[in-house]
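Student: Model the structure of this input:
(chains A and B)
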Amino acid sequence: MQALHFLQALARIARAAPKPAHSARTRQIRHAAYASMAHSSRSSRRTWSRALLHRLRQRQQQRPGRLLTVRRRVRIVTPITSRPEEPARAETLRQLVPGGRGMEYCNLLEETADYVQCLRAQVQLMQTLLDAFSS
Amino acid sequence: MSSRRSHSRHSSASRITEEEINELVSKLQMMLPDAPIRRNSRVSARKVLQETCSYIRSLHQEVDDLSEKLSELLASTDTDSAEAAILRSLLMQ
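Tutor: Sure thing, here's the model as predicted:
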């Protein structure tokens, strides 16, 4: 499911006319990679995939007129902790996993495992495509 | 985090959750690149999380690099090579 979505997106990018600049096409491919991850049937129920899709859509809307937007959004988010004696842990991990800031620690660990699996699958897919066509 | 295990004042509810957490942490440890080497050794939860962060960062970097290379690959379909023709026909269904 993840592979099919990515291949279809890649096909659309390849067909685009006029041909986009290298940097724009790279960005489109990268966007397609993360979108495919979020849309894969296993992950679409996950918090990280919804957060990732939200982030991707926001980035697309921001773009008109700018090539590479690097914007740091500082949001003050209070992590949801049901028990006061369990402080928010793993701050760095929360920043790396989409939607991680609002998760309980236990859910964060689950979501991280799923996110890592999807990331690995996507990387393997992209590497396989490269290997298949660049010999 | 290992010091919490010896405290007996925790309620049974939090003890169960702590087991769950330990299981989830070792599941993450299994996913790390060097998991086969470290399978039998006890790695602290903090270390597992640290290495998971590094691993995620490196995977993000790989996605960026591979996107770059795929972009170059798509650009090269302008040529008349056999690979380019195959790629074109595959992608332009």
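
Student: so who does A:E111 touch?
Tutor: A:46-48, A:97, A:99-100, A:103 (CB atoms under 8 Å, 6 or more residues apart in numbering or on different chains). C-beta coordinates here come from the backbone N, C-alpha and C atoms, glycine included.

Student: meant to ask about B:E68
Tutor: A:T26.

Student: Now name the helix or strand holding it.
Tutor: helix B:45-75 (DSSP states H and E).

Student: do the same with B:R42
Tutor: Applying DSSP H and E, one finds B:R42 in no helix or strand.

Student: For chain B, see how far away A:P20 is.
Tutor: From A:P20 over to chain B the distance is 9 Å, taken as CB to the nearest CB, to the nearest Å.

Student: mind checking the SS state of the residue lying closest to that residue once chain neighbours are set aside?
Tutor: Leaving aside its sequence neighbours, A:P20 sits nearest to A:Q28 (CB to CB, 6 or more residues apart in numbering or on different chains; 6.9 Å). At A:Q28 the chain is in helix, as set by DSSP: H, G, I helix; E, B strand; the rest coil.

Student: how many neighbours does A:Q28 have?
Tutor: Residues lying near A:Q28 (other CB atoms under 10 Å in any protein chain shown) number 19.

Student: now it: how far from B:S44?
Tutor: Per CB to CB, to the nearest Å, A:Q28 is found 41 Å from B:S44.

Student: Tell me where the model's unsure across chain A.
Tutor: Scanning chain A for pLDDT under 70 picks out the ranges A:41, A:43, A:63-88, A:135.

Student: Could you pick out the longest helix of it?
Tutor: Looking across chain A with DSSP state H, the single longest helix is helix A:105-133.

Student: Buried ones in that one, by neighbour count?
Tutor: Going by neighbour count (16 or more other CB atoms under 10 Å in any protein chain shown), the buried part of helix A:105-133 is A:105, A:107-116, A:118-119, A:121-123, A:125-126, A:129, A:133.

Student: For B:V43, give me phi and psi.
Tutor: When read as degrees, to the nearest 10, the backbone of B:V43 gives phi -110, psi 140.

Student: burial count for the closest residue to it other than its chain neighbours?
Tutor: Setting aside the residues directly before and after it, B:V43 is nearest to B:Q29 in space (CB to CB, 6+ apart), at 5.9 Å. Using other CB under 10 Å, B:Q29 is surrounded by 21 other residues.

Student: quick one: B:Q29 from chain A, how far?
Tutor: 10 Å.
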